[in-house]
Each structure stands twice: as C-alpha cells, then as structure tokens.
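Q: kindly generate the corresponding structure for this input.
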Amino acid sequence: MSKNCHYDLNISNLSLSVLLICFTVVPLKGHSAPLESTPKASSKTPVHWNSLSTEEFIIETKYHKLRVELISSLIARRLGFDTTITIALSKVHDDSKFDSDLIKELSKNYGRSLSDKDEGAFKIIKTHNQRDHELTFNKLKELDLFDGQAINPRALEALFAIDMADKFDRYLFPKVLAEQLYKIRGEPVNSPEFGKIMTSIDDYYDLKSYAASFLYEDVEKIEELMSSVEKNYKKWIVNRRLIPYSLYKNYSCNQLFAN
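A: Numbering: from 1, shown residues only. Model prediction:
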C-alpha cells in the first residue's frame, strides 16, 4: 500500500515541496540532500595535492563522472534499483562544473585545503550545487520521472545510488591514486576538493539518517553494500582505466606527503 510524503529540495534558492508517491517512506520535512557535501575533518596530516589547470580540471571531472556512473550502476544492481534510470541520471552529475563562470574558480580551488573562512570558494560550491539540482530535475522531466509535483520512486532510488557513488569516489579515489602512483598504503587521504581527511566513508554522514533522507530504510543492506564497494573499488576503476594518470605525472612522493 502506497503512502504520500513530502521531500523538500532546493532549486535556485527556491524550496520545492515535492509530493512523492512511494511504497515505504520516512517523511522528512525541510530536508535537502546536497549533491556535494563536505566531510568532517580528521586530525591526521593532510596530503598536499597539486593544483590543476582548467583543462586538467575538466579531464579530472570527466573521469570522476565516469567513475560515478560505473559505481552507481553497480550499487543500483546490488540494491535492486533501476540501472537504466540510474545511468541516465548519472550522465548529468557534476555537469555544472563545466559552466564557464564556475569552472575557473572550481579548478583554482582544486587541491586547496578549504577552511570555514573561504566564503568565496563555498559560495561557488553552493552555486554549483544549485545548478546541479536544476540539471537533475530537467533530466527527470525529460525522462518523465518528475511532473513538477511528484518524483517517481524509482528515480529517487537512482539518485540515492548516484549520491552514494559520488561520496565513495571522493573518499576512495585519492587513496587509490596515492597507492597506484606512489605505493603509499594505509594512510587516510584527504579529498583534493575540500582538503578534509576522511578516515572512513562514515565521515560523510550518519548512515541511518542519510539513508532515510532518500526514503531508504534497510540500513543493514547499505552497510553490506559499503563493505563490498570499499573492497572492490580499486579493482573496478583500475581494470577499467578510470584513473587519469597523466594529470599526476609531475608529482613526487615528497610533494604528495610533504611534512
């Protein structure tokens, strides 16, 4: 038996209360799940990532999008979500990073350790988030999965898979990169985008509330999934050549883990 619930999402600073028709839901008033979220800080010594030029940032973002598409499709298959919808929606993930008025600022901040005082940088990130929401909703409309009032429950599941894949990639990719290029293992590695060290994917969220924000209640299944992704992530992206090694050819081990 279906239930009605409201899911609030921000689109260009406008709060849209979306009526969902779904089977098992957790009503969450006033909640907005951002497409980019900043992980909690760790006390470990950070990796010193070099900055990327605008052209290099475009390449890095394209590879990130490919990894998110792959991982989200694997997550969707494991959880019984619609993989076709997941792949279609993943195609627009982070596309706003290519906007001419954003890409220069985003690429300039890549590799920097952002503090709470970097108001300009966070303003750019906020604008990127808002535009990505718009792109996502336009894609949902194009696929007849959002009519202005209701999101298809299968689409919400797909967005959950994509959001998880994005977080996994930003947590695990720096670790794999450091290991593949410099044989550095066992070190918690910070995301080049935020400069925060993540010792675990749990640094991004409280799992139960995070899953509930996408109206998903089987936390035990998500925990099993997380373990599987962490175990297989390196194999997936290395075997499919989803690391842009050429961007990091000028790194040295000392540059990466400078004191």
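
Q: residues touching Gly186, list them.
A: Counting by Cβ atoms under 8 Å, 6 or more residues apart in numbering, Gly186 makes contact with nothing. Bear in mind the C-beta positions are built from the backbone N, C-alpha and C, glycine included.

Q: for it, grab phi and psi.
A: When read as degrees, to the nearest 10, the backbone of Gly186 gives phi 80, psi 10.

Q: one more: Phe146?
A: Dihedral angles (degrees, to the nearest 10) for Phe146: phi -150, psi 120.

Q: make residue 1 into 57 and carry on from there
A: Shifting the count to begin at 57 puts that one at Phe202.

Q: hey, what's it bridged with?
A: Taking DSSP bridges, one obtains Ile207 as the residues bridged to Phe202.

Q: who are the contact partners of it?
A: Phe202 neighbours (Cβ under 8 Å, 6+ apart): Val74, Phe193, Leu196, Asn208, Ala211.

Q: so which of the residues you listed sits lowest on pLDDT?
A: When these are compared by pLDDT, Val74 scores lowest at 35.

Q: need the contacts of Phe202 in CSV (columns: secondary structure and neighbour count).
A: Formatted as CSV, the contacts of Phe202 follow (DSSP: H, G, I helix; E, B strand; the rest coil; neighbours: other Cβ atoms under 10 Å):
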residue, secondary structure, neighbour count
Val74, strand, 17
Phe193, helix, 19
Leu196, helix, 22
Asn208, coil, 19
Ala211, helix, 24
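
Q: hmm, which two among those residues are most spread apart?
A: Phe193 and Asn208 (12.4 Å; Cβ to Cβ).

Q: that older thread, Ser128: which of the contacts of Phe202 is nearest?
A: Distances from Ser128 to the contacts of Phe202, taken by Cβ to Cβ, are shortest for Ala211, at 12.8 Å.

Q: what's the neighbour count on the residue nearest to that closest one when sequence neighbours are not counted?
A: Sequence neighbours aside, Leu201 is the residue nearest to Ala211 in space, at 4.0 Å (criterion: Cβ to Cβ, 6 or more residues apart in numbering). The number of residues packed near Leu201 is 22, by other Cβ atoms under 10 Å.

Q: quick check: closest non-adjacent residue to Glu161.
A: Per Cβ to Cβ, 6+ apart, closest to Glu161 is Ile180, 4.6 Å.

Q: on that earlier part again, ok, the residue nearest to Ala211 to Ser146 distance?
A: 14 Å (Cβ to Cβ, to the nearest Å).

Q: what does Thr139 give?
A: For Thr139, the distance to Ser146 - Cβ to Cβ - is 10 Å.

Q: could you name every residue contacting both of these two?
A: Ser129.

Q: neighbour count: the two, which is higher?
A: Between Thr139 and Ser146, Ser146 has the larger neighbour count (other Cβ under 10 Å), namely 25 against 16.

Q: the more buried one contacts Lys121, correct?
A: Yes - the criterion here is Cβ atoms under 8 Å, and Ser146 meets it with Lys121 at 7.5 Å.

Q: and the host helix or strand of Gly176, how far out from the chain middle?
A: Per DSSP states H and E, Gly176 falls inside helix 175-198. Computed by Cα atoms, centre = their mean, to the nearest Å, the chain-centroid distance of helix 175-198 equals 13 Å.

Q: in the stretch 107-256 of the chain, which ranges drop under the pLDDT threshold?
A: 167-173, 238, 244, 246-247, 250-254 (pLDDT under 70).
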